[in-house]
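**Q** Dropping a prediction and its sequence here:
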Amino acid sequence: MTEEIVPGFKFSVFSYVVSLLRPEIIRDLELPRHGLQILPLESTVVPLDNGDYLGSWADPDQTRRELARHSPRDAEAATLFGRLMHHMAMAVRPILSMVPPDPTSLAPSDLRGMLKFAGHFRSLGAERFHALYKLMTMSSADYLDEWFEFDPLKATKSASGIIGTFLGPRSPGTAYVLLHHYMGEIDGAFRAWGFQKGGTGAISETIARAARAHGAEIRTGAAVDRVLVRNGRATGVVLEGGEEIPAAIVVSGLDPRRTFLELVEPAQLPADVVEGIRRFKFRGSSGKVNLALSELPNFTCLPGIGPQHRGAFSISPSLDYLERAYDDAKYGEFSRNPYMDIVIPSMIDPGMAPPGKHVMSIFVQYAPYNLTGGWTDARREAFGDAVVNTLSRYAPNIKGAILGRQVLTPSDIERTTGLTEGNIFAGELALHQLFFLRPVAGWADYRTPIEGYWQCGAGTHPGGGIMGASGRLAALEILGRRG
Amino acid sequence: MTYDAIVIGGGVNGLVAAATLARAGSRVLVVERSDSTGGLANVAEFAPGFRVAPLGLDAGWLPPPVARELGLGALERTLPAVPVAVPAGDREWLALPADIPKGVEAIRRYSPADAAQWPAFATRIGNLTAFLESLYLLPPPDIDSSALHDLFPLLGIARKLRGLGRAGMIELLRVMPMSVQEYLDDSLECEPLKAAIGAAGTAEIRQGPRSGGTAFVMLHHHVGVSAGAIRGRGYWKAGPGALTDAVADAARQAGVTIRCRAEVTGISAAADRATGVILAGGETITARTVLSSADPASTLLGMVDPVWLDPEFLLAVRNIKFRGSSARVLYALDTLPEFPGLPDPADVLRGVLSLSPSLDQIERAADAAKYGRISEDPHIEVQIPSLRWPGLAPDGKHVLVATAQWAPYRLATGAWTAEHREDLGRAVTAGIERIAPGFSRTVRERVVGAPPDLEATFGLTEGATTQGEMTLDQILFMRPVPGASRYETPLEGLYLCGAGTHPGSRIAGGPGWLAARQVLRNRRERRGGTP
């Protein structure tokens, strides 16, 4: 969704970078023809507590030299690490395009799926299998400790392991999310993130154009009140306002709680499915702050305006910093000093702001959905202040440059987008909520217990990020073309 | 004289390995550095007239086949009727009986909903731990092997898995990676109850109950326990050393030679093979096979010349997370302290008092460890071994052992100092004083055993009683390091047989038994016999 919050300034209100859109979707739907244009995000700069910075740049040699400035050992390890992550991402990639089999089922299609799944792991060989197993079970901090010594490097890398989860970097389960984010790919280059020209909203517009070109009809402003079910079969939807639209197949892109517990009567579902969905964890933990700026931020660690402004700034100076941010959240407070991932889309796409002015997009973690005492306007502003105050320690001119500010808490995200508890992945990316357990065992193949009613949202495998993969796999399954 | 096998360490795993090998006809020598066998079950004096085995208080799980093979069937285990009690308010305790219907009664006072859930919940946990039991009786699955003898046990496991039924299978797959807090929150609401169960999920690891994988740790510590008996592994009736004494007898009867006061300083090798051990003092003893029940780091980094091991393997060993995180505070008491409100103290005090009333309190204690600090308000578990075994203290006097978490081996400020120990001791005394007013006046002597002390006394790397945290990334085929989980090391003829190998910590004799069987299988194969 792209919006003008302050006149003349356009924001990608919620998501802000693009990476995980599956290449086969880009290809199949010919998205570039419909306007997909991803502008690469070239660098990341991490301001450090000692006044220095850690940068990574589009040029790998420059990145290596920069890292060697802090730790020659890590600079060497980084090359090997990058290679391993590439292999790991390649190893996991086929799974992302696989309809999860039900391991408890003896149905031929599930047994075939399990054999394929098992065969895939065996084909990796022992060494890569062990590496993958470690990624699945370790914390990102422990995993990175085995490779690196420079704390800000570990912190910045592990930050991608905590996004969208309610875990700290020292909790097992976060190393996998790290890999999940490594799978971002643009034109085959791993770990390359980018902006969509015109804001992230333009991506869905692009896909919508592709859909219309193929004959799909799209109605907006048409909120669905419930799915019509007759004799255990979905027969259409009822809009808020009462209009009934009949259909042979209904596919829900909403999150599992809405799909199973709100659009249909729980009484129409088996009790264990209802219980499983109730247990499905959302726990939104991130917020977003969008700023309209009269001038660019001037970071004391790298003074002046330069190429660094075309990339990201990450406020992740140490593992302890991230862990403390989590400690606040787990006891029901927003982080006083949060992790932030900051980009300035107007640097890449000048159409986002009036000439000379800028928009800044700040992804913030942690902001727990279940804030002690609940989210209020005052608490939202206090959260925004914490973000700006923290940022101003690294870029002191920021406070004077703010022309407008939009603060989004998980509660706002829930209210505006319908994502339960404001979880940006439509359900936590935790190990026990992945693959055949996403969203609930037995119903990970995009079906539901109601015939003709399907799920296709990020709350299904492979979930989360702007991937479109769930939608694609669901559509293939509906068409009876299981891959 | 050349032995068929030398076993390093006379604790339960070393002795079980030695006895198993000797019963198969091997000539076996056990070398033990201390004055007697027993390892962690050894009772030692810590104050004049007061003795205890601070790391050998519970019996762990003795796998039935080990007991059967070594003729340990006569050993008596005492299962306390109320294995755990947790404070549930001012002068209020949730004392949780092992018996499920009695558990329902005890829980009902605090939460009728949880009381109603209890039989089903306890049974579910029992089913999951029963599955782990079957997994723990087999060598870890080898994902890379297609040999038949590797596949058959896997089929057995698959059958057991199916035996759990659909709901049980899903539960198992789902629960393993979860945090114990999430898992308990799914079914229960009563904080003291969740704290009683959840404390097992963080036993002997650095993480708190909100960390992923702690649900597995909780299950691991309930393997061998009957459904509903939370923390109910019980203790050996005749004394903490009853099991190791019996195994030592069995070993001797099978012809094993046991030498105490024989500290191994090195493992000798020639032509890529282990050839024996070198003792402090310089004596060398040769053997075809060497098994070490010391932890993997002490063995491979401390006893073997690195030229025999490749650097990647050594790196993997260095990466093992030991992370001793708990201290033991030993108290010599003039009288038995009073715990106001504690029901049936005579029974309940034979179990464990787990002093944190909520998982949040345990989590807060764990926070300190993340930053390399000692918890200011640690999670404390109290046991009074002199009630179980009266001989440990003079008449009318008592020994109390407090396990205090978190007390990380590595402190951000550097080495442990006398002041750290003093602060921790004071914090623990204060914690006990809160639920037992007057306690500090009964204290005659207090000894703080921090992880570095446990390391020095018991030879445990980083003071880790687990020989490597029992976390998901360090179990099964990942234990002790990936690719070497079948007890063999890259140095031919050298095996590991301690808790640092599968099935790990608190499985009495399990690793030693499986390691010895691996040695025997390898020998048969080398002789060209049937696999």
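**A** The structure has been received and is ready for your questions.

**Q** Tell me the secondary structure at B:G483.
**A** Three-state call for B:G483 (DSSP: H, G, I helix; E, B strand; the rest coil): coil.

**Q** what does B:R231 give?
**A** Following three-state DSSP, we place B:R231 in the coil state.

**Q** residues near it, how many?
**A** Using other C-beta atoms under 10 Å in any protein chain shown, B:R231 has 25 neighbouring residues. Every C-beta, even on glycine, is put in place using the N, C-alpha and C of the backbone.

**Q** Over to B:R517?
**A** Neighbourhood size, B:R517 [other C-beta under 10 Å]: 17.

**Q** again with A:R336
**A** Quick note: A:R336 (other C-beta under 10 Å) scores 14 neighbours.

**Q** before we move on, what about A:E205?
**A** Using other C-beta under 10 Å: A:E205 sits among 17 other residues.

**Q** so it sits right up against A:Q37, yeah?
**A** No. Look at A:E205 against A:Q37 with C-beta atoms under 8 Å: they stay out of range, at 11.8 Å.

**Q** tell me which parts of the stretch 151-300 of chain A are close to chain B?
**A** A:L167, A:G168, A:R170, A:S171, A:P172, A:G173, A:T174, A:D272, A:R279, A:K281 (C-beta under 8 Å from any C-beta of the partner chain).

**Q** Could you list which residues are in contact with A:Q433?
**A** A:Q433 makes contacts with A:F280, A:K281, A:G427, A:P439, as judged by C-beta atoms under 8 Å, 6 or more residues apart in numbering or on different chains.

**Q** Where does the third one sit: helix, strand or coil?
**A** Counting by three-state DSSP, the backbone at A:G427 sits in coil.

**Q** how many other residues sit next to it?
**A** 29.

**Q** C-terminal to the lowest-mean-pLDDT helix or strand in chain B, what's the next element?
**A** Every helix and strand of chain B was ranked by mean pLDDT, DSSP states H and E. The lowest is helix B:148-163, at a mean of 71. Once the chain leaves helix B:148-163, the next helix or strand it forms, by DSSP states H and E, is helix B:165-175.

**Q** Contacts for stretch A:146-160, please.
**A** So stretch A:146-160 is in contact with A:44, A:46, A:48, A:54, A:67, A:70-71, A:73-74, A:77-78, A:80-81, A:140-141, A:144-145, A:169, A:174, A:177-178, A:181-182, A:314, A:316-319, A:321-322, A:339, A:341, B:319, going by C-beta under 8 Å, 6+ apart.

**Q** The same query, at a cut-off of 7 Å, please.
**A** For stretch A:146-160, contacts defined as C-beta atoms under 7 Å, 6 or more residues apart in numbering or on different chains pick out A:46, A:48, A:54, A:67, A:70-71, A:73-74, A:77, A:81, A:140-141, A:144-145, A:169, A:174, A:178, A:181, A:314, A:316-319, A:321-322, A:339, B:319.

**Q** could you pull out the helices for the stretch 301-450 of chain A?
**A** In the stretch 301-450 of chain A, the segments counted as helices under DSSP state H, counting those that start in this stretch are A:319-330, A:345-348, A:377-394, A:398-401, A:410-417.

**Q** Determine which of the ones you listed approaches chain B most closely.
**A** helix A:319-330 (5.5 Å; C-beta to the nearest C-beta).

**Q** and the closest one, what other elements does it pack with?
**A** For helix A:319-330, the packing partners by 3 or more C-beta pairs under 7 Å, 6 or more residues apart in numbering or on different chains; DSSP states H and E come out as helix A:151-162.

**Q** how about the residues of the stretch 301-450 of chain B near chain A?
**A** Within the stretch 301-450 of chain B, the positions adjacent to chain A are B:N319, B:K321, B:D367, B:K370, B:Y371 by C-beta under 7 Å from any C-beta of the partner chain.

**Q** now with 10 Å?
**A** Residues of the stretch 301-450 of chain B lying near chain A by C-beta under 10 Å from any C-beta of the partner chain: B:312, B:315-316, B:318-319, B:321, B:323, B:360, B:363-364, B:366-367, B:369-372, B:412.

**Q** what ranges do the helices span in the stretch 101-250 of chain B?
**A** B:112-136, B:148-163, B:165-175, B:180-187, B:191-198, B:214-220, B:242-253.
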